[in-house]
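> sequence and predicted structure below; questions after.
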Amino acid sequence: MKKQVLIASAIVLCSFAIGAVEGVAQQIFNQFRQPELIVGLPYRDIDNCNTARLNKTIIQPTQFVLPPTFVNDLDDGYAFVQFPSGIVYNYNGRNYTGVYVSVNGFITFDNTKLVPAKQSQGLFINSSSYPDNVIAPFWGDHRIRTSSDISLG
């Protein structure tokens, strides 16, 4: 038994020495690496990508509202996006025909939460009040800027 453990340990050490597991470590590192700020490149609007405008769902800033009053909120608001007719998405065992898109980089499938989107306590707990139905690839405290937010001088 000792001999087998010794051989297995030697194989692992040799693998590290010749870099056989470097690709795996690199893949894991890249998955969890923090985004980096690139300075000096011109701003490129997402709307200028190669996909035809007819194939996109453009959410206007006026569509982002915050419950329960549903006033326009460009800091923590949500906008409902209906899927095209006939499209049903199954998530966590339930079928949905649309999603609520948050300014703060995530989507939720049920009605929007009554807690601000930048506070996680109401988003990621699994309970009957707040089921675990959030996908948050870009979650952060974001804000939509409009032309009135820009000043010169």
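The structure has been received and is ready for your questions.
> what is the subsequent helix or strand relative to the least confident helix or strand in the chain by mean pLDDT?
Least confident helix or strand, the chain: helix 22-32 with a mean of 48, by mean pLDDT, DSSP states H and E. Per DSSP states H and E, the first helix or strand lying C-terminal to helix 22-32 is strand 65-66.
> name the helices or strands packed onto that next one?
strand 78-82 (3 or more CB pairs under 8 Å, 6 or more residues apart in numbering; DSSP states H and E). To be clear about C-beta, it is placed using only N, CA and C from the backbone, and glycine gets the same treatment.
> buried residues in the strand it packs on?
Residues of strand 78-82 classed as buried: 78, 79 (neighbour count, 16 or more other CB atoms under 10 Å).
> please apply the same query to stretch 97-112.
Buried positions in stretch 97-112, judged by neighbour count with 16+ other CB under 10 Å: 99, 100, 101, 102, 103, 104, 106, 107, 108, 109, 112.
> what would the helix or strand encompassing residue 100 look like as PDB? C-alpha coordinates only.
If you go by DSSP H and E, residue 100 is part of strand 98-102. Presented in PDB, the C-alpha positions along strand 98-102 are these (Å, rounded to 0.1, in the frame of the first residue of the first chain):
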ATOM      1  CA  GLY A  98     -40.000  36.700 -19.400                       C
ATOM      2  CA  VAL A  99     -37.400  38.100 -17.100                       C
ATOM      3  CA  TYR A 100     -36.800  41.100 -14.900                       C
ATOM      4  CA  VAL A 101     -33.500  42.800 -15.900                       C
ATOM      5  CA  SER A 102     -31.800  44.800 -13.200                       C
END
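> so what does it touch, helix or strand wise?
Applying 3+ CB pairs under 8 Å, 6+ apart, we find strand 98-102 packed against strand 78-82, strand 107-108.
> again, 10 Å this time
strand 78-82, strand 89-91, strand 107-108, strand 134-135 (3 or more CB pairs under 10 Å, 6 or more residues apart in numbering; DSSP states H and E).
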